[in-house]
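Trainee: output the structure for:
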Amino acid sequence: MKLPRADIAVIGGSGVYDLPELENREWLHVDSSFGTPSDEFLFGTVRDVSLVFVPRHGRGHVLSPSAINYRANIDALKRVGVQDVISVSAVGSLVDDLPPGTFVLVDQYVDRTVLRESTFFGAGCVAHVSMAHPTCSQLSQLLHRAALDSSLPCRLGGTYLAMEGPQFSSLAESNLYRSWDCHVIGMTNMPEAKLAREAELCYSSICMVTDYDCWHPQHESVTVADVVRVMGENSRNAQRLLLAAIPLIPQAPDRASWHGRRALENAIITSESARDQNMIKRLSAVAGRVLGHHE
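Mentor: Numbers count the residues shown, from 1 in each chain. The predicted structure is shown next:
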């Protein structure tokens with residue numbers, strides 16, 4: 001069966017397992033050469049804009065952060081024509097002025113994950129992409145404007161500490177990350193942002209603050225009950241933001257030149273004569289533009 005094409009992807013995290021306002025909805029399986037994605041993808045439209053939704057943890061939240069096949073998710077999105085990825089995820093706040101209920105459009109990461117496949121490339125085809133500016137500033141600015149127009153509390157910019165999990169931080173860890181000038185802490189944006197960059201997808205992350213981690217003297221520990229309580233309101237606000245922002249993306253006059261579109265330019269270091277052809281075939285979706293191999 002031929003799959004529909006989608007221009008924009010939303011990857012939903014904790015509390016965001018569906019997009020109820022999506023029209024012409026259809027859940028479909030998408031194959032990937034990197035294994036099985038988190039779940040079927042939900043295809044549809046938002047005000048005539050083609051969109052695909054991915055429940056990062058699977059419907060029913062069946063996958064822990066470490067068990068998610070991030071590579072399969074991003075590879076599959078590339079295969080259905082996606083250009084821009086909006087990530088939605090729950091985070092803890094590491095600073096006083098980002099209370100629960102605030103949205104943060106992060107622009108930097110500190111990656112402390114250790115158990116995950118973080119690149120599409122490897123033996124037979126080695127590549128090094130720049131992660132100096134890991135998110136798409138143009139997409140984030142558009143989302144920020146839509147948030148302000150929707151009267152949603154939203155900060156543009158911030159550093160996300162990506163931890164392995166699934167446990168929450170110790171107090172010592174939380175204070176360490178605060179000393180590094182990190183603003184929020186979460187478990188899922190890495191390696192997702194790295195893989196989106198390798199696939200030449202523009203990536204922006206809406207981080208929904210649910211708690212103060214465990215560093216705050218008046219909020220000394222994090223519990224699932226605390227997180228779930230705030231997640232409901234955050235989820236409703238995230239849907240409002242997405243509905244306001246998504247129709248604006250195709251209209252952006254400079255969209256073709258957004259940051260990340262040509263991330264693989266001059267990134268592949270393996271000489272053509274030494275490249276493993278099985279690896280090249282596997283990379284046909286994420287790197288076909290530069291490898292000259294398209295499915």
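
Trainee: so what's the closest residue in space to Met1 that isn't next to it in sequence bridging to?
Mentor: In this structure, Met1 finds its nearest non-sequential neighbour in Leu28, 7.9 Å apart by C-beta to C-beta, 6 or more residues apart in numbering. C-beta here means a position set from N, CA and C on the backbone, and glycine is covered the same way. When bridges are called by DSSP bridges, Leu28 pairs up with Phe41.

Trainee: surely Val228 forms part of a strand?
Mentor: No: Val228 is assigned helix when assessed by DSSP: H, G, I helix; E, B strand; the rest coil, not a strand.

Trainee: let me see the backbone angles for the residue lying closest to Leu77 once chain neighbours are set aside.
Mentor: Distances taken as C-beta to C-beta, 6+ apart place Ala9 nearest to Leu77, at 4.9 Å, with adjacent residues excluded. Note on Ala9: backbone dihedrals following degrees, to the nearest 10 are phi -120, psi 140.

Trainee: show me the shaky parts of this protein.
Mentor: Within the chain, the stretches with pLDDT under 70 are 219-224, 226-227, 293-295.

Trainee: ranges for the helices of it?
Mentor: Listed in chain order, the helices of the chain (DSSP state H) span 70-79, 137-149, 171-179, 192-198, 224-245, 277-282, 288-291.

Trainee: need those helices in CSV (columns: distance to Leu156 and mean neighbour count).
Mentor: As requested, the helices of the chain are arranged in CSV below (distance: least, C-beta to C-beta, whole Å; neighbours: other C-beta atoms under 10 Å):
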stretch, distance to Leu156, mean neighbour count
helix 70-79, 24, 26
helix 137-149, 4, 19
helix 171-179, 21, 15
helix 192-198, 17, 27
helix 224-245, 13, 17
helix 277-282, 37, 15
helix 288-291, 30, 17
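
Trainee: to Cys214, which of those lies closest?
Mentor: helix 171-179 (5.1 Å; C-beta to C-beta).
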